[in-house]
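Asks: let me see the structure of the following:
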Amino acid sequence: MVVGLVVLATLTAGAVVAFGSSSSSSSVSASASPSSPAAPGGAGATASPSPTASPSRSATASPSPASTVKGSVRDGRHSGDLRYFLLSPPKDAEIYGDEDGTDLSRSEVADSADVKRALATYGFKAAAYRTYLTGDGEYEVTVRLVRFASPGSAAAYYNAFYYQGTRIALPSSGRPAKAYRLSSSSAESTGSVITVSHQGDVHISISVTGAKTPRTGMLTRLLDQQYRRLKSGR
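Replies: Model (predicted):
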C-alpha cells in the first residue's frame, strides 16, 4: 500500500517532521511546531502528542495512588490496557499529565486521511503515550505505543513509513530499529530524535528532545527497555 506523504507532529514538543511511505518519492519540509496537546501522536499539521513545555521548563510532579492498569502478552499479542506496557519513567523523572499515560483514539494518532486509511488497513486497535522530563532536566522523552490487529500488521506499518530526517545508526540487538535526527523549530530544543520499532502487535515510537542531541546509547537503552517490556510484560 502506498501512503501519501503527510506532515507528522513528532512525539515531543518543538518539532514537526515529514512522515510518509517508504515507496513515496516526494518529501515535505518540517517547520511548524505542535500547536495543541489535544492530539498526541497524530499525523497531521496540527497534531501534537505531548505538552508543549520544553525541557527548559519544570514539570510539576504530584503524588498519585499506585497504578491499577493491567495488561498481558502471549505470543506477541497484547491484551488489557495498552498503557500498562508503556516504558516506566526513571524514579527521578517528572511526568506530564496522567502518570499512567494517556489513551489515544485513531483520529488522535492520525488526523490525515492517508494515515487513517493506513491505520484501518493494518487493523488499528489502540494507542497510548506518556511524556516525562528526565531528572536532570536535560531531555523530554515521549513514548508512544500503537497496537494493531496482528504482529504482521505492526511489522507492515513499521516498514511502510519513514521519517524525513538524518538517519542515525543504532547498534544491532536482535530487534528492528530505526532512528532519525529531526529538525526542530524551537531554539531551546535543538536536539530532537525519534526511534521506532515494533514488538508483537505493537508499534513503538520513542522521541527525545533537548538542548543537545542525545547520545546513541541513551536511544538504544530506552528502545531496548521498551521492547523487553512489551515482549515479557515486565
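Asks: could you use CA atoms for every contact and neighbour count after this?
Replies: Noted.
Asks: now do the helices in this structure.
Replies: 106-109, 113-121, 151-160, 216-232 (DSSP state H).
Asks: so where's the protein shaky on pLDDT?
Replies: For the chain, the stretches flagged by pLDDT under 70 are 1-66, 111, 184-190.
Asks: now do the strands in it.
Replies: Counting by DSSP state E, the chain has strands at residues 6-9, 16-21, 71-74, 77-80, 94-96, 102-104, 126-133, 139-147, 161-163, 166-167, 178-182, 192-199, 202-210.
Asks: parallel or antiparallel, which strands does the fifth one pair with?
Replies: Each strand pairing with strand 94-96, determined using DSSP bridges, is listed with its direction: strand 126-133 (antiparallel).
Asks: and what of the third one?
Replies: According to DSSP bridges, the neighbouring strands of strand 71-74, each with its direction, are strand 77-80 (antiparallel).
Asks: can you give me the buried ones in stretch 115-125?
Replies: Val115, Lys116, Ala118, Leu119, Tyr122, Gly123, Phe124, Lys125 (16 or more other Cα atoms under 10 Å).
Asks: re earlier: same list (the strands of the chain) but as a markdown table, adding mean neighbour count and distance to Leu223.
Replies: Below are these laid out as a markdown table (neighbours: other Cα atoms under 10 Å; distance: least, Cα to Cα, whole Å):
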| stretch | mean neighbour count | distance to Leu223 |
| --- | --- | --- |
| strand 6-9 | 27 | 20 |
| strand 16-21 | 26 | 20 |
| strand 71-74 | 15 | 18 |
| strand 77-80 | 17 | 18 |
| strand 94-96 | 22 | 19 |
| strand 102-104 | 19 | 19 |
| strand 126-133 | 26 | 14 |
| strand 139-147 | 28 | 9 |
| strand 161-163 | 21 | 17 |
| strand 166-167 | 14 | 16 |
| strand 178-182 | 22 | 10 |
| strand 192-199 | 25 | 7 |
| strand 202-210 | 27 | 7 |
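Asks: of all those, which one is nearest Met218?
Replies: Taking Cα to Cα, strand 202-210 is the member of these nearest to Met218, at 9.3 Å.
Asks: pull the closest one out as CSV, backbone CA atoms only.
Replies: Output in CSV follows, covering the C-alpha atoms of strand 202-210 (Å, rounded to 0.1, in the frame of the first residue of the first chain):
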residue,chain,number,x,y,z
VAL,A,202,2.6,-3.1,18.9
HIS,A,203,4.4,-0.3,17.0
ILE,A,204,6.9,1.6,19.2
SER,A,205,7.9,5.3,18.9
ILE,A,206,10.2,7.0,21.3
SER,A,207,11.2,10.6,20.9
VAL,A,208,13.8,12.5,22.9
THR,A,209,14.2,16.3,22.7
GLY,A,210,16.7,18.5,24.5
